[in-house]
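Trainee: Have a look at this prediction, sequence included:
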Amino acid sequence: MNTLGKTITCRAAIAWAKNSPLSIEEVQVEPPKSGEVRIKMISSGICGSDDHVLKGELVVNFPLIPGHEGAGIVESVGDGVCSMKPGDKVLILIIPQCRECDACLHPKGNFCYKQDVLPCSGVMLDGTSRFSCRGQKIYHSFRTSSFTEYTVVPEIAAVKIDDAAPMDKVCLISCGFPTGYGAAVNSAKVTPGSTCVVFGLGGVGSAIVMGCKASGASRIIGVDINEEKFPRARALGVTDCLNPNKLEKPVQEVVMEMTGVGVDFAFEAIGLVDTMVAAWNSCNNSYGVCLIAGLAPSDAQLSLEAPKILSGKTLKGVCLGDYKTRDCIPQIVTDYLQNKINIDPLVTYQLPFNQLHEALELFHSGKAIRCVLLF
Ligand SMILES: NC(=O)c1ccc[n+]([C@@H]2O[C@H](COP(=O)([O-])OP(=O)(O)OC[C@H]3O[C@@H](n4cnc5c(N)ncnc54)[C@H](O)[C@@H]3O)[C@@H](O)[C@H]2O)c1
Ligand SMILES: [Zn+2]
Ligand SMILES: [Zn+2]
């Protein structure tokens, strides 16, 4: 059926309100406007940031179609789109790259001004939505939305990838993998022989562990309250596992005792203020570097002992691994195809889209590192 220029009716998951179960509904997806692309989704991961949205920890507009860690095939393009064409394999990008704003033009910046995470408007760049259900407007999630058979995103929030990419897995290279791996190799630049601690051993934390291991870290301490995460984390390179709920002292004190001087690199991949503080306090006072990859709730404030910043350690936030997304993400896919990196251990389950609720259960129970939805 030729869908060009027509509204497509398809299935999508809708969150009608915060903390309400997702329901799979028939939705209408309008054609892409100027500077936009409509994509047939092939796969989507479930990322911790989607969970923050669904729980209302991040202020967003409901109803919305969640999901942002997606891989698909371009169905049609709007006027002026020249970086991709129908039939191209693409990844969608929670952090776009407009190549015009201050962040995009600065050599170190990647938090493009056209992102829709902080804050989340839920609409496209022209202020309108492309989704509706039973006549009601449905918001986008992070200007992406991947829990749907078709989505529309700005051209700057998608990137063409290698034709040989296995589409049932590479969705992880849209968010979780580069976020974690890049935090270690690109942002922290973990050094050979160093000691690291990773708070949170989910999708992002596991990719951080892979980056630390690839960089030659000699000790990688993994921290999680779900011990089901520990065997897989050890297989990826974690040398010591800590469950803060089973320790007699605060976890940062235990890390200090284990290392004597504190770690060289601490990473937070949970999104909680307490674990951000614990990561900071696990670092070596003089040269330790603390990287925050977790997304804290919208109203959270971070409080640190101010005098201790003087001793020289560094606190840094990191979004999407500090990668300029459209420039760097395709190369990560190619590196995967050339066996330079391996995302396979992160894809622990794959389920058809109509088993979304089973997939969410695998995510919430912690049985999955990533459960990939297949459309
Ligand atoms: N910076 C970015 O660009 C970026 C990108 C993707 C995700 N994120 C954020 O990174 C965080 C992690 O995402 P994810 O996809 O890995 O989520 P996830 O749910 O897969 O992993 C989170 C892990 O933290 C553990 N955990 C929860 N509470 C804990 C606690 N109190 N102490 C220790 N461990 C605890 C869970 O058991 C789980 O293993 C989220 O906040 C997400 O929003 C940020
Ligand atoms: Zn994500
Ligand atoms: Zn930009």
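Mentor: Done, it's in. Ligands and ions are numbered 1, 2, ... in the order given.
Trainee: sec struct for Gly222, please.
Mentor: What DSSP: H, G, I helix; E, B strand; the rest coil gives for Gly222 is strand.
Trainee: does it have beta-bridge partners, and which?
Mentor: Val198, Cys241 (DSSP bridges).
Trainee: my guess is it meets Cys196, correct?
Mentor: No - using Cβ atoms under 8 Å, Gly222 is not in contact with Cys196, being 9.3 Å away. Using the backbone N, CA and C atoms, a C-beta is placed for each residue, glycine as well.
Trainee: okay, these two: which has more neighbours?
Mentor: Cys196 (32 against 28; other Cβ atoms under 10 Å).
Trainee: which stretch of helix or strand covers the more buried one?
Mentor: strand 195-199 (DSSP states H and E).
Trainee: just the helices in the stretch 1-150 of the chain please.
Mentor: Taking DSSP state H, counting those that start in this stretch as the test, the helices found in the stretch 1-150 of the chain are 48-54, 102-105.
Trainee: quick one: the residue of the stretch 1-150 of the chain found nearest ligand 1 and ligand 2, what's the gap?
Mentor: As assessed by Cβ to the nearest ligand atom, ligand 1 sits closest to Gly48 within the stretch 1-150 of the chain, at 2.5 Å. Per Cβ to the ion, to the nearest Å, Gly48 is found 7 Å from ligand 2.
Trainee: list the contacts for that residue?
Mentor: 202-204, 269-271, 294-295 (Cβ atoms under 8 Å, 6 or more residues apart in numbering).
Trainee: what's the answer for Arg219, then?
Mentor: So Arg219 contacts 195-196, 239-240, 259 (Cβ under 8 Å, 6+ apart).
Trainee: picking that back up, among the helices of the stretch 1-150 of the chain, which is the most enclosed?
Mentor: helix 48-54 (a mean of 22; mean count of other Cβ atoms under 10 Å).
Trainee: tell me the mean pLDDT over it?
Mentor: Averaged across helix 48-54, pLDDT comes to 96.
Trainee: how much distance is there from stretch 358-375 to the middle of the chain?
Mentor: Between the centre of stretch 358-375 and the centre of its host chain there is 15 Å, according to Cα atoms, centre = their mean, to the nearest Å.
Trainee: hang on, Ile243 packs against Ile221?
Mentor: You called it Ile, but residue 243 is Asn. No - if you go by Cβ under 8 Å, Asn243 and Ile221 don't touch, sitting 11.8 Å apart.
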